[in-house]
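K.L.:
Sharing a model prediction with you, sequence too.
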Amino acid sequence: MCAFSLGTETDGSIIYPADRNAVVGIKSTVGSVSCDGLIPEASSLDAVGTIGRTVEDAPLALDAIKGNLQQGEDLRAVIEMIKSAGAEIHEATDFPSAKEIISPTGWNCTLREHAPEDNPDLSEFTVVKTEFYNDIRTYLSNLAANPNEIKSLEDIVAYNKKNADKEGGFPGKHPCWPMGQDNFEKSVKSKGAMDDTYHRALEYIRKKSREEGIDAALSWKGSKLDGLLVPVQAERGVASQVAAKAGMEFPSPLVVNQVPETLR
């Protein structure tokens, strides 16, 4: 196993894999680490992060790409403080492998359809589809080489349709990628218009995740908390991501159905 890996998160792409694999995942505060060169999804939500073996590896790797190595010493001091308070920190713990949990004959999976966008003014997806349309165009225009001359989301949609058997994204076309093109088409339909609906949606999700969400919990009944500790499966990683705040996930000793429960 490598010491760490790098990734990006818009809506749980670091926290969820780390959760399922019983390793440590940490995403940075949006804007604290450069996203230059990364394929974008939504500039208001995109963040760089790390997945590591331990609660030391993942933050140290993040500090390195942020260019602040002094924080590594601060991290070690915090770990020692937590230990002195009576907490146990386990490293190199073996969990059941996928072969032990999943039957060799496989399993049945039913895909759930996305809920309809009944309230675009209150939808995170309104923000994502609008920003993605604009951000992907900017990204494609800055590529040094673009052999297929794909310069917009419309070009991506057309390419996927032409190569549906290989690219997937349509129901019944590719077993590993049965959906996804539908969201591209919704983004194309938005034309990236940052109109009143977009701004109301952005304001709404930030208010619900910040002032009425994480910030409210941190200052509950006059308290001044430094952080919150919640089960990942309860919080689902969405609140901190929509709020553009940092988050860290790590496995706990509690195991349910041979799968470790993780905390964030």
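P.N.:
That came through, no problem.
K.L.:
Spell out which helix or strand contains the nearest residue to residue 248 once chain neighbours are set aside, please.
P.N.:
The spatially closest residue to residue 248, leaving aside those adjacent along the chain, is residue 26, at 4.3 Å (CB to CB, 6 or more residues apart in numbering). C-betas here are computed from N, CA, C, even on glycine. Take DSSP states H and E as the rule and residue 26 turns out to sit in strand 24-27.
K.L.:
Averaged pLDDT, the next helix-or-strand element following that strand. What do you get?
P.N.:
Sequence-wise, the next helix or strand beyond strand 24-27 is strand 47-52, with elements assigned using DSSP H and E. When pLDDT is averaged along strand 47-52, the result is 92.
K.L.:
Would you mind listing the buried residues in strand 47-52?
P.N.:
47, 48, 49, 50, 51, 52 (16 or more other CB atoms under 10 Å).
K.L.:
With stretch 163-183 instead?
P.N.:
164, 167, 168, 169, 170, 173, 174, 181.
K.L.:
Let me see the ranges of the helices in this protein.
P.N.:
According to DSSP state H, the chain carries its helices in the segments 15-21, 57-66, 70-84, 98-101, 124-141, 153-162, 164-167, 181-190, 196-209, 215-218, 232-235, 238-242.
K.L.:
just checking, what packs against the second one?
P.N.:
Looking back up the chat, that one is helix 57-66. Helix 57-66 sits against strand 4-9, strand 24-27, strand 47-52, helix 70-84, with contacts defined as 3 or more CB pairs under 8 Å, 6 or more residues apart in numbering; DSSP states H and E.
K.L.:
Might you report the residue contacts of the residue nearest to residue 180 when sequence neighbours are not counted?
P.N.:
Computed as CB to CB, 6+ apart, the closest residue to residue 180 that is not its neighbour in sequence is residue 169, at 4.4 Å. Residues counted as contacts of residue 169 (CB atoms under 8 Å, 6 or more residues apart in numbering) are 160, 177, 179, 180, 181, 182, 184.
K.L.:
And for residue 138?
P.N.:
Contacts here follow CB under 8 Å, 6+ apart; on that basis residue 138 touches residue 40.
K.L.:
repeat for the one 10 residues further on
P.N.:
For residue 148, the residues meeting the contact criterion (CB under 8 Å, 6+ apart) are residue 159.
K.L.:
Next up, the contacts around residue 129.
P.N.:
183, 186, 187, 190.
K.L.:
From residue 241, how far off is it?
P.N.:
16 Å (CB to CB, to the nearest Å).
K.L.:
Kindly report the same for residue 39.
P.N.:
In this structure, residue 39 and residue 241 are 17 Å apart, going by CB to CB.
K.L.:
One more: residue 195?
P.N.:
For residue 195 relative to residue 241 (CB to CB), the value is 24 Å.
K.L.:
one step back: for the residue nearest to residue 180, phi and psi?
P.N.:
With angles defined as degrees, to the nearest 10, residue 169 sits at phi 100, psi -10.
K.L.:
How about the one 10 residues further on?
P.N.:
Listed backbone geometry of residue 179 is phi -150, psi 170, with angles given as degrees, to the nearest 10.
K.L.:
what's the distance between it and residue 213?
P.N.:
29 Å.
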